[in-house]
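A.B. asks: Sequence isn't available, so here's the structure alone:
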Ligand code: ATP
Ligand code: MG
């Protein structure tokens with residue numbers, strides 16, 4: 001972590017607002033509910049890349065642990081091998097480190113507990129609390145009932161314990177086809193909460209797993225796995241999002257129906273002399289953000305169908321995309337802290353996220369000059385080989401960020417938009433016969449406009465007022481200041497101007513047939529032939545810059561080549577979306 005990141009992180013922590021989870025943990029500690037321990041976990045399923053919503057959960061889990069001198073585990077919730085992969089596992093680990101968090105000990109995998117999970121399932125069967133069912137998935141759906149009607153018992157519900165044990169063993173041994181049997185908890189088919197109507201604990205799936213290979217052909221369900229994994233890791237507070245609220249009774253049912261001594265025995269703290277308390281699930285509202293989509297299914301579809309260039313496309317709400325776009329970890333942490341944690345669902349405005357990165361970069365990104373659409377200016381009253389090194393402050397409000405050398409030569413580039421032959425009222429930049437100041441340099445005057453056969457302006461011939469370096473010109477006011485780059489020493493680069501991917505607030509709303517109909521056609525504008533001052537490409541250069549008057553930019557490490565450096569626009573200087 002850089003010094004400035006450390007600083008903004010500690011600032012964020014210093015002002016960490018209380019929320020109902022922080023309050024609950026404080027109360028639990030005061031009541032000595034968990035023997036003084038706070039242990040959380042972040043449990044991603046490796047079936048896609050992490051997005052900004054996951055960042056909220058990561059920040060919450062890791063910070064409440066750190067604030068209480070506790071621990072936070074990283075556990076891959078990998079019970080559905082059909083959709084998971086090692087690529088996702090690696091990307092998720094990388095993203096969490098990048099965000100600035102360190103998980104406790106080794107990376108955990110639910111699949112690492114498959115043997116225990118199996119043994120606990122046997123325990124449930126032995127206690128008459130689980131049975132092997134032969135209903136097909138369709139039949140099982142029919143028997144489940146509805147919100148208003150109770151379900152029906154499966155004909156297999158009364159199978160003897162011996163038969164259940166034998167069948168379950170044979171399921172594991174690979175004797176049966178996919179979906180021919182399942183293991184179900186024996187709870188209550190008339191329970192008002194559908195999750196309690198004999199939920200499935202195990203399914204047969206003859207498919208290899210990214211961690212366990214061909215070892216298993218039966219896989220435990222999320223609900224069965226999650227609570228036991230939490231108990232094995234001695235998690236005290238199992239924080240998850242609101243859609244799991246209705247699953248909490250099942251979470252508790254499973255743990256309460258297992259033999260606590262055998263749970264304790266296989267747990268991390270094992271035989272240590274600590275208070276052994278079962279984990280407790282608490283739900284909070286998901287982060288929702290407008291002008292974007294966060295459903296993993298749609299994100300994956302956009303990747304697979306080429307709507308974007310990959311999970312790390314800088315327009316994606318993924319951490320990989322945001323990183324490539326130039327978001328800093330601190331800006332994301334600050335954003336997550338500022339949206340808060342509560343139990344009420346609300347939609348956060350994209351401008352809040354954009355504000356967080358603008359604020360961070362305004363404070364921490366050095367300034368530099370880049371001419372996006374160059375127009376050549378020759379300074380006629382300088383010698384052909386004129387070269388002068390000007391020293392410019394890297395940050396207007398922070399001298400500690402130092403100065404840099406900027407070469408000033410006879411031929412320079414300014415931006416095409418900074419010259420008008422027929423200026424609109426109030427135009428403060430360069431006009432024929434008019435004057436303007438070059439940032440950190442001299443005042444120049446436009447003497448002549450050169451055009452080609454088509455009447456296009458190809459060059460401006462100007463003169464320099466040599467008595468204006470760091471000084472106001474004598475006897476007149478020059479209002480405009482524009483950026484510029486030396487023509488002979490500036491470096492050509494390509495630029496990718498990114499903007500929001502969607503142009504409607506809720507692309508996933510029911511009123512919209514296909515989210516692809518609301519893609520913002522200007523979410524990426526590619527500009528070639530831009531010219532940047534050489535300091536930007538120094539090896540020790542900052543990762544982020546404000547290109548003066550243009551926005552915040554960073555180099556694209558993926559697509560840049562030595563001959564064609566590419567810069568991504570992270571964000572514009574001002575919000576252009578607010579009405
Ligand atoms: P799915 O389960 O559909 O694959 P998911 O987004 O829930 O998608 P997980 O990998 O299960 O993905 O999520 C890991 C953790 O992140 C979970 O604890 C989940 O509750 C949390 N999480 C996911 N989306 C958000 C969000 N938008 N805001 C806050 N937390 C989230
Ligand atoms: Mg999930």
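C.D. replies: That came through, no problem. Keep in mind the model is a prediction, meaning the values are calculated, not measured. Ligands and ions are numbered 1, 2, ... in the order given.
A.B. asks: and the stretch 151-300 of the chain, which residues reach ligand 1?
C.D. replies: With CB under 6 Å from any ligand atom as the criterion, the stretch 151-300 of the chain meets ligand 1 at residues 240, 241, 286, 287, 294, 296. (C-beta placed from N, C-alpha, C; glycine too.)
A.B. asks: quick one: which of those residues sit in helices?
C.D. replies: In helices, defined here by DSSP state H, the members of those are residue 296.
A.B. asks: Emit the PyMOL select command for whichever of the residues of the stretch 151-300 of the chain next to ligand 1 are buried.
C.D. replies: With 16 or more other CB atoms under 10 Å as the criterion, this PyMOL line picks the buried residues out of these:
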select buried, resi 240+286+287+294+296
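A.B. asks: could the residues of the stretch 151-300 of the chain next to ligand 1 be laid out in TSV, adding pLDDT?
C.D. replies: Converted to TSV, those look like this (pLDDT from 0 to 100):
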residue	pLDDT
240	98
241	98
286	97
287	97
294	94
296	92
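A.B. asks: Which single one of the residues of the stretch 151-300 of the chain next to ligand 1 is nearest to residue 385?
C.D. replies: Nearest to residue 385 out of these is residue 294 (CB to CB; 56.7 Å).
A.B. asks: Going along the chain, name the helices of the stretch 301-450 of the chain.
C.D. replies: Along the stretch 301-450 of the chain, counting by DSSP state H, counting those that start in this stretch, helices occupy 319-325, 329-339, 350-364.
A.B. asks: Tell me which other helices or strands the longest one touches.
C.D. replies: Same thing as helix 350-364. Under the contact criterion of 3 or more CB pairs under 8 Å, 6 or more residues apart in numbering; DSSP states H and E, helix 350-364 touches helix 3-14, helix 329-339, strand 544-547, strand 551-555, strand 566-571.
A.B. asks: mean pLDDT for the ones you listed: which is lowest?
C.D. replies: Here the lowest mean pLDDT among the helices and strands packed on helix 350-364 goes to helix 3-14, at a mean of 48.
A.B. asks: Give me the contact list for the helix or strand just after it.
C.D. replies: Later in the chain than helix 3-14, the nearest helix or strand by DSSP states H and E is helix 20-30. Contacts with helix 20-30, where a contact means CB atoms under 8 Å, 6 or more residues apart in numbering, come from 16, 34, 36, 38, 60, 64, 67-68, 236-237, 239, 282, 284, 341-343.
A.B. asks: swap in stretch 527-545?
C.D. replies: The contact list for stretch 527-545 (CB under 8 Å, 6+ apart) reads 326, 328, 361, 364-374, 404-407, 413, 485-487, 489-497, 547, 552-555, 565, 567, 570.
A.B. asks: and the closest residue to residue 59 other than its chain neighbours, how many neighbours?
C.D. replies: In space, and not counting its chain neighbours, residue 59 is closest to residue 336: 4.0 Å by CB to CB, 6 or more residues apart in numbering. By the criterion of other CB atoms under 10 Å, residue 336 has 24 neighbours.
A.B. asks: Can you give me every residue that contacts residue 336?
C.D. replies: 55, 56, 58, 59, 60, 287.
A.B. asks: ok, so of those residues, who is nearest residue 252?
C.D. replies: residue 60 (21.7 Å).
A.B. asks: Give me the three-state assignment for the closest one.
C.D. replies: State at residue 60, reduced to three classes by DSSP: H, G, I helix; E, B strand; the rest coil: helix.
A.B. asks: isn't it right next to residue 286, touching?
C.D. replies: No - contact criterion CB atoms under 8 Å: residue 60 and residue 286 do not qualify, at 11.6 Å.
A.B. asks: residues of stretch 170-179 that come out buried?
C.D. replies: By neighbour count with 16+ other CB under 10 Å, stretch 170-179 contains the buried residues 171, 172, 176.
A.B. asks: Close to ligand 1: what parts of this protein are there?
C.D. replies: Close to ligand 1, as judged by CB under 6 Å from any ligand atom, the chain has residues 43-45, 47, 53-54, 56-57, 240-241, 286-287, 294, 296.
A.B. asks: Quick one: mean pLDDT over stretch 481-497.
C.D. replies: With pLDDT averaged residue by residue, stretch 481-497 scores 98.
A.B. asks: my bad, stretch 37-52
C.D. replies: Mean predicted confidence for stretch 37-52 is 98.
A.B. asks: start to end distance for that stretch?
C.D. replies: For stretch 37-52, the first-to-last residue distance is 28 Å (CA to CA, to the nearest Å).
A.B. asks: One more: stretch 272-290?
C.D. replies: When the termini of stretch 272-290 are compared using CA to CA, they are 48 Å apart.
A.B. asks: swap in stretch 296-311?
C.D. replies: Using CA to CA, the end-to-end distance of stretch 296-311 comes to 11 Å.
A.B. asks: Quick check: buried residues in that stretch?
C.D. replies: 296, 299, 302, 303, 307, 308, 309, 311.
A.B. asks: and if you look at stretch 482-501?
C.D. replies: Neighbour-count burial for stretch 482-501, counted by 16+ other CB under 10 Å, picks out 482-487, 490-491, 493-501.
A.B. asks: Can you give the distance of stretch 509-522 from its chain's centre?
C.D. replies: In terms of CA atoms, centre = their mean, to the nearest Å, the centre of stretch 509-522 is set 22 Å apart from its chain centre.
A.B. asks: which residues are contacting that stretch?
C.D. replies: The contact list for stretch 509-522, computed with CB under 8 Å, 6+ apart, reads 293, 298, 307, 499, 500, 501, 502, 503, 504, 506, 507, 508.
A.B. asks: go on, stretch 227-234?
C.D. replies: Residues from elsewhere that reach stretch 227-234 (CB under 8 Å, 6+ apart): 37, 39, 41, 43, 73, 75, 77, 108, 110, 113, 116-117, 120, 238, 250-252, 254-255, 258, 263, 266-269, 274, 276, 278-279, 281.
A.B. asks: I'd like to know the average pLDDT value across that stretch.
C.D. replies: The model assigns stretch 227-234 a mean pLDDT of 98.
A.B. asks: Stretch 362-369 too?
C.D. replies: If you average the pLDDT over stretch 362-369, you get 98.
A.B. asks: Same question for stretch 90-105.
C.D. replies: Throughout stretch 90-105, pLDDT has a mean value of 98.
A.B. asks: List the buried residues in it.
C.D. replies: Residues of stretch 90-105 classed as buried by neighbour count (16+ other CB under 10 Å): 91, 92, 93, 95, 96, 99, 100, 101, 103, 104.
A.B. asks: Could you list the residues in contact with it?
C.D. replies: Taking CB under 8 Å, 6+ apart as the criterion, the residues outside stretch 90-105 that touch it are 1, 5, 9, 39, 42, 44, 46, 49-50, 55, 58-59, 62, 65, 71-74, 76, 107, 311, 319-320, 323, 329-330, 332-333.
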